[in-house]
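Student: Predicted model and sequence follow; I will ask about them next.
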Amino acid sequence: MTTNTITTTPHENNPHWRPQITLFLMGQTISLLGSAIVAYAIIWYVTLTTASGFMMTVSTLCSFLPQILVSLFAGVWADRYNRKLLIMLADILIAVATFILAVLFFMGYQELWLLFLVSGIRSLGAGVQTPAVNALIPQLVPEDKLMKINGINGSIQSLTFIAAPAISGGLLAAFSLEYTFIIDVTTAIIAVAILYFIPIPIHEKALKKNKTPALEDLKEGLNYIRQHSFIKILFIYYAVIMFFITPAAFLTPLLITRTYGSDVWRLTINEVFFSGGTMLGGAIIAIWGGYKRRIKTIALGCFAFGLAVTFIGLAPNFTLYIFFIFLSGLAIPFLSAPTTVLLQEQVETDIQGRIFSILQLVATTALPLGMMIFGPLADFIEIRLMLVFSGLIMSVCGLLVIKNKTLNKNQL
């Protein structure tokens, strides 16, 4: 049951933070596993049945546009209301939509537009859930343990993304698509049950009666970013990186299908090696903690990831392709974990939901925008060339980040 205790220093007021964060991450991992199984199944189903860059673009837009629409207000809700409840409701929404899709598929209604529609609903749930999760973690974890916990969480998520494509590929090979939907519904129910029994304190702003309009809270979050040049510039770089990450994030399954063969095992190996890299990178970040200046670690991750993506495009065979996929995954935690921790450390608790939702908005806008450009181009320009081009741009961004005076001056 949720208590009404206010906590600002978890390590002093909450001696049970370790078992609580363990259970919380366990529940979120179970939920993520189910969601990842369905996400891979849908992507591969669309890829293998259409082999179309345009249809991949439609699928991607359906997965991200709803998040764009809900992201800003999701941050306001995460700051105004009980974050634990928001996470639970988001999981329930995703589970109900997925269950209905499973029933329709079992009944023989297996049109692509149904997949796209439910992907959109699932995207809405993720849009509400993500800023709430990121803002809730600092309520449980001491500040000096945030990098370690985020690194561990990143490794656990990567392990999940190793298991998910293998499970998804196995299910698609042995059963029809709808069986993967049932697994997601089951994992969502388990995650909600676990979270329900964790006594997570409600943050101070959620206990107050909010009389200000939601738009005012939203403006406060935008003004906060505007007034802090450090965060503003960080978000600009983040948007550029997310835009140019699109070919590597969404077009590699299409590259594999066209270049190496339309076998599910190849798609599975692709995801397993990428996730294996991110798991190892997350473990390194958890043990090492990164550079004292978070920006230096972010710059390293950006440069290394861009370089790996460039070599993915240049790889002459599938073996080397997979090797560089692994290296690209290894670099991701050096970019993502310190970005999250930096905001968790520097931004006040009562406004973190809005800041993380704006960060999510940046990503969910840049990614589909990139897909709207790179996706259709994939039917006319070789994907390898797009990977080389985007990889070089991201490496340059890494160099610019480390050279930027505002980002390197006291980090706020």
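Tutor: All right, it came through fine.

Student: Going by C-alpha atoms from here, please, whenever you check contacts or count neighbours.
Tutor: Fine.

Student: in which helix or strand would I find Asp184?
Tutor: With elements delineated by DSSP states H and E, Asp184 resides in helix 178-196, which encompasses its position.

Student: Output the contacting helices and strands for that helix.
Tutor: In terms of contacts (3 or more Cα pairs under 8 Å, 6 or more residues apart in numbering; DSSP states H and E), helix 178-196 is packed against helix 17-50, helix 83-106, helix 146-174.

Student: what distance separates that helix from the middle of the whole chain?
Tutor: Using Cα atoms, centre = their mean, to the nearest Å, we find the averaged C-alpha position of helix 178-196 to lie 19 Å away from the chain's own average C-alpha position.

Student: let's number from 13 now, not from 1
Tutor: Sounds good: first residue 13 from here, last item helix 190-208.

Student: That helix versus helix 29-62: what angle between them?
Tutor: 160 degrees (axes from the mean of the first three to the mean of the last three Cα atoms, to 10 degrees).

Student: isn't Leu127 right up against Ile54?
Tutor: Yes. In terms of Cα atoms under 8 Å, Leu127 counts as a neighbour of Ile54; the distance is 7.3 Å.

Student: Mutual contacts of these two, please.
Tutor: Between them, Leu127 and Ile54 share no contacting residue under Cα atoms under 8 Å, 6 or more residues apart in numbering.

Student: Quick check: which element contains Thr322?
Tutor: Short version, using DSSP H and E: Thr322 is in helix 306-326.

Student: buried stuff in the very next helix or strand once past that helix?
Tutor: Moving toward the C-terminus from helix 306-326, the first helix or strand encountered (DSSP H and E) is helix 330-358. Within helix 330-358, the residues scored as buried using 16 or more other Cα atoms under 10 Å are 333-357.

Student: and the helix or strand just after helix 330-358, which residues are buried?
Tutor: Per DSSP H and E, helix 330-358 leads on to helix 361-389 as the next helix or strand towards the C-terminus. Using 16+ other Cα under 10 Å as the burial criterion, the residues of helix 361-389 that qualify are 361-384, 386-388.

Student: cool, and stretch 119-139?
Tutor: For stretch 119-139, a neighbour-count test (16+ other Cα under 10 Å) marks 127-139 as buried.

Student: Which ones among those residues map onto helices?
Tutor: Those of these mapping onto helices are 127-139, per DSSP state H.

Student: tell me the contacts of Gln372?
Tutor: Ser83, Gly139, Thr142, Pro143.

Student: quick one: which of these is nearest Met100?
Tutor: Set against Met100, the nearest of those by Cα to Cα is Thr142 (11.6 Å).

Student: count of residues packed around the closest one?
Tutor: The burial count assigned to Thr142 is 23, neighbours taken as other Cα atoms under 10 Å.

Student: Phe187 too?
Tutor: Every residue meeting other Cα under 10 Å relative to Phe187 is counted, giving 12.

Student: again with Lys417
Tutor: 11.

Student: which residues sit in contact with it?
Tutor: For Lys417, the contact set (Cα under 8 Å, 6+ apart) is empty.

Student: And it, how close does it get to Val353?
Tutor: Computed as Cα to Cα, to the nearest Å, the Lys417 to Val353 distance reads 20 Å.

Student: OK, contacts around Leu326?
Tutor: With contact taken as Cα under 8 Å, 6+ apart, Leu326 is in contact with Arg396, Val400.

Student: circling back to that earlier point, check which residues of the helix holding Asp196 are buried.
Tutor: Neighbour counts using 16+ other Cα under 10 Å place 190-197, 199-204, 206-208 of helix 190-208 among the buried residues.

Student: Give me the residues contacting it.
Tutor: Helix 190-208 is contacted from outside by 13-14, 35-36, 39-40, 42-43, 45-47, 49-50, 53, 96, 100, 103-104, 106-108, 110-111, 113-115, 117-118, 180, 183-184, using Cα under 8 Å, 6+ apart.

Student: Please pick the buried ones from these.
Tutor: Buried, going by 16+ other Cα under 10 Å: 35-36, 39-40, 42-43, 45-47, 49-50, 53, 96, 100, 103-104, 106-108, 110-111, 113-114, 117, 180, 183-184, out of the contacts of helix 190-208.

Student: in this structure, which residue is closest to the centre?
Tutor: The structure's the chain has its C-alpha centroid closest to Thr142; by Cα atoms, centre = their mean the separation is 7.9 Å.

Student: now for whichever strand or helix holds that residue, which elements pack on it?
Tutor: Secondary structure from DSSP H and E places Thr142 in helix 124-152. Helices and strands touching helix 124-152, by 3+ Cα pairs under 8 Å, 6+ apart, are helix 22-25, helix 29-62, helix 65-92, helix 95-118, helix 330-358, helix 361-389.
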